[in-house]
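>>> Predicted model, plus sequence, below.
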Amino acid sequence: MSDVIDLFLNHNDGVYKAGEVIFGSINFNRDEPMNIIELSVKFKGFCKVWFAKSERNPRTIHESFEEYFNKKTYIISGKHLLPAGRHKFEFNCPIPSDVPSSFEGIHGYVRYDLRIALVASGMLTPSIEKTANIKIWKPIDLNNSPYARRPIEYEIVNMHCCMCTRRGTSEVQMKLPVGGFCPGQTIPIEVNVTNPSRTQIEEIKFSIKKDVRYVASTNPTARAVHSTIAEIKKGPIRARTTRHWDLTMTVPAMELHNLEGCRFIHIDYDFKISVNVGGCHETNEQYRPIVFGHIPLAGFQDEEQPPLGPRPHRALSPADFYYHPPATITSQPLGRSSVKVMAKYVLPDDFNLAGTSLSVSPPPPSYEDAMASTTNESKKPSTEETSETITPAPPSNNVMPKPKPEETDL
């Protein structure tokens, strides 16, 4: 006797864009009749954050939880006898367009679960559950961010003193043409260094920093995880010399998350310049917010787009099942939501229940598909992450960045 439920989705990788509709089918095989009282579909989206304040006091737990939607729909409600054989039920689940992207982090996550449950009426017949983890992505359009078109400028003036003796000043000027880029694009960096002092500048470092901030509502505080996305170095610059560089930094391939609408997890990027004079002098650093997206700025590097192959999809298995027309469905909301799960959907023209698999339309165009031009995919650099506790800051998002908050230990 087979008690295994097979869940098939029209996207075999389980990746959907916010606002799309999930089409699926529930298939199972029985060697003998079965009395059931429930066949239901539950679709849930939520965010959870948790961490301990310190290793010395692990009992103090800081956590947050929020729910974006929670909807359960009954395909079969009430006692029902299923005959022996193969059975198939179809359903669809619309995804709200205003939910944040899926995210998995060290201290929290945003997840979307699709769960089906078959509840038997007899004590000797076990109930069966099946869960699919749905990954939702929400594209970031740089054209909708006013900050993305603004140039980024730096000016760092160093006063060199050693043993109470003035040794002159140096000046570093840097400029980026815009403040928003996509993975695979190159960042043009214009650098002018004037060093009339008697001190050599050992090194100038340019880097992209990523900060993921987790905010706890229970025992309120926040924690940030920092990592370096890309980095280049120049130098040394000898005393009484000037330098001019036209540099380029390639934005590596990386997964972007649009967490707009999430209150407890925030991702920010900064472009950092560090001037290391060496000796008894302190390193001078400056940060500026920078944004990354899926859809590039119109008119900026239109000819430079990273490649993307078509995303494969798995077709449904042959439909040699008992086909159950949709019965009256009782919907039971479990939380605030505008999501509706339907037991039956209008089949596409090319769907054949006699054995032809379900053909699905390709996913919505991504950044690379929309631009229809390819280059070699950039290599992903190694990253180094550190973690520290910071003062809670107001929510921000990747689309419209805010200045980097001051970090303090709690």
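Here it is on my side, so go on.

>>> The spatially most central residue of the chain: what secondary structure?
Residue closest to the average C-alpha location in the chain (C-alpha atoms, centre = their mean): H257, at 2.5 Å. Three-state assignment for H257 (DSSP: H, G, I helix; E, B strand; the rest coil): coil.

>>> any idea how far it lies from I140?
Distance, H257 to I140, using C-beta to C-beta, to the nearest Å: 9 Å. C-betas here are computed from N, CA, C, even on glycine.

>>> Then E231?
23 Å.

>>> ditto for I37
I37 is 45 Å from I140, by C-beta to C-beta.

>>> So between these two, which is more surrounded?
Per other C-beta atoms under 10 Å, whichever of I37 and I140 has more neighbours is I140, with 24 against 15.

>>> That one is in contact with I295, isn't it?
Yes. Counting by C-beta atoms under 8 Å, I140 does reach I295; the two are 7.0 Å apart.

>>> and Y147, which of the three is it?
Under three-state DSSP, Y147 falls in the helix class.

>>> okay, now it: neighbour count?
Residues lying near Y147 (other C-beta under 10 Å) number 17.

>>> For the host helix or strand of F89, name the packing helices and strands.
Remark: F89 resides in strand 85-94, with elements defined by DSSP states H and E. Packed against strand 85-94 by the contact rule (3 or more C-beta pairs under 8 Å, 6 or more residues apart in numbering; DSSP states H and E) you find strand 21-30, strand 34-54, strand 57-82, strand 322-323.

>>> Show me the shaky parts of the stretch 51-200 of the chain.
Low-confidence segments of the stretch 51-200 of the chain (pLDDT under 70): 54-58, 124, 162-166.

>>> so how far is stretch 69-84 from its chain's centroid?
34 Å (C-alpha atoms, centre = their mean, to the nearest Å).

>>> With only the CA atoms kept, save it in CSV.
Output of stretch 69-84 as CSV, limited to C-alpha atoms (Å, rounded to 0.1, in the frame of the first residue of the first chain):
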residue,chain,number,x,y,z
PHE,A,69,0.3,35.8,4.9
ASN,A,70,-1.1,32.6,6.1
LYS,A,71,-3.9,30.9,4.2
LYS,A,72,-5.3,27.5,4.3
THR,A,73,-7.8,26.1,1.8
TYR,A,74,-9.7,22.8,1.9
ILE,A,75,-9.8,20.8,-1.3
ILE,A,76,-11.8,18.1,0.5
SER,A,77,-13.6,18.8,3.7
GLY,A,78,-15.7,16.2,5.5
LYS,A,79,-15.7,12.4,5.2
HIS,A,80,-15.0,11.2,1.7
LEU,A,81,-14.2,7.8,0.3
LEU,A,82,-11.4,7.7,-2.3
PRO,A,83,-11.3,4.5,-4.4
ALA,A,84,-8.2,2.5,-5.0
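
>>> Distance check, N10 against I22.
7 Å.

>>> ok, back up a step: now distance to T169 too, for the helices and strands packed on strand 85-94, in CSV please.
Formatted as CSV, the helices and strands packed on strand 85-94 follow (distance: least, C-beta to C-beta, whole Å):
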stretch, distance to T169
strand 21-30, 62
strand 34-54, 42
strand 57-82, 45
strand 322-323, 81
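
>>> wait, which of those strands is closest to T283?
Closest to T283 of those, according to C-beta to C-beta: strand 34-54, at 28.0 Å.
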